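Asks: can you look at this prediction? I've put the sequence above it.
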Amino acid sequence: MGIFTMRDIFDVAVKIEEKGEAFYRQTASVISDTTVRQLFHRLADEEVGHKQVFLKLSAQIGTVKLTPVAREDFFAYLEAYTQNLIFDDTGSDPELVKVKDLLTAVNFAISKEQESIFYYKEIKELVPISEHALLDNIIEEERRHALKLIQFKLARVK
């Protein structure tokens, strides 16, 4: 049976941001469209900024123990979600081959940000109410990132 601490959750958040940065930089290196390439470089830079926010938040917490995970399958689900479903560890995300133009690239990035938000909302159920504000900070950072992408998309579609 696994037990999460807030530090564990922030460590996962940092890893997600690192994977996101690597994903966006790798994508930018193989996309020929200059606008898409610039967008993905910007997204990678924003992931670096998010990582710094999470490191700062992590430094503010102690070693709060969280509720034990009651089921091994739920713990395995969370682990798999962070390792492959948000940003694929293998670098061969099957959806990535569909990224051929600006709209597809932005939609793909929005979906990855939304998956991150969903993950953190799932994790929130595992933490004591007293720690929800810290987790809400992570969710809000991801939400702001998704909103920037949506605004970018709306400005380009007009």
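Replies: Okay, I see it.

Asks: what about Ser116, neighbour count?
Replies: Close neighbours of Ser116, defined as other Cβ atoms under 10 Å, add up to 28. The way it works is simple: take the backbone N, C-alpha and C, and place the C-beta from them, glycine included.

Asks: same question for His50.
Replies: Using other Cβ under 10 Å: His50 sits among 23 other residues.

Asks: so the nearest residue to it once chain neighbours are set aside: helix, strand or coil?
Replies: Nearest residue to His50 in three dimensions, chain neighbours excluded: Glu17, at 4.7 Å (Cβ to Cβ, 6 or more residues apart in numbering). Secondary structure assignment for Glu17 (DSSP: H, G, I helix; E, B strand; the rest coil): helix.

Asks: let me know the pLDDT of Glu17.
Replies: Here, the pLDDT recorded for Glu17 equals 84.

Asks: quick one, what contacts it?
Replies: Contacts of Glu17 were listed using Cβ atoms under 8 Å, 6 or more residues apart in numbering, and they are 47-48, 50-51, 54.

Asks: roughly how far does it sit from Leu43?
Replies: Per Cβ to Cβ, to the nearest Å, Glu17 is found 11 Å from Leu43.

Asks: before we move on, what about Ala13?
Replies: For Ala13, the distance to Leu43 (Cβ to Cβ) stands at 16 Å.

Asks: what about those two, which has more around it?
Replies: Using other Cβ under 10 Å, the more surrounded residue of Ala13 and Leu43 is Ala13, with 28 against 25.

Asks: residues in contact with the more buried one?
Replies: Going by Cβ under 8 Å, 6+ apart, Ala13 touches 54, 120, 138.

Asks: can you check the pLDDT for the first one?
Replies: The reference is to Phe54. At Phe54, the pLDDT value in this model is 78.
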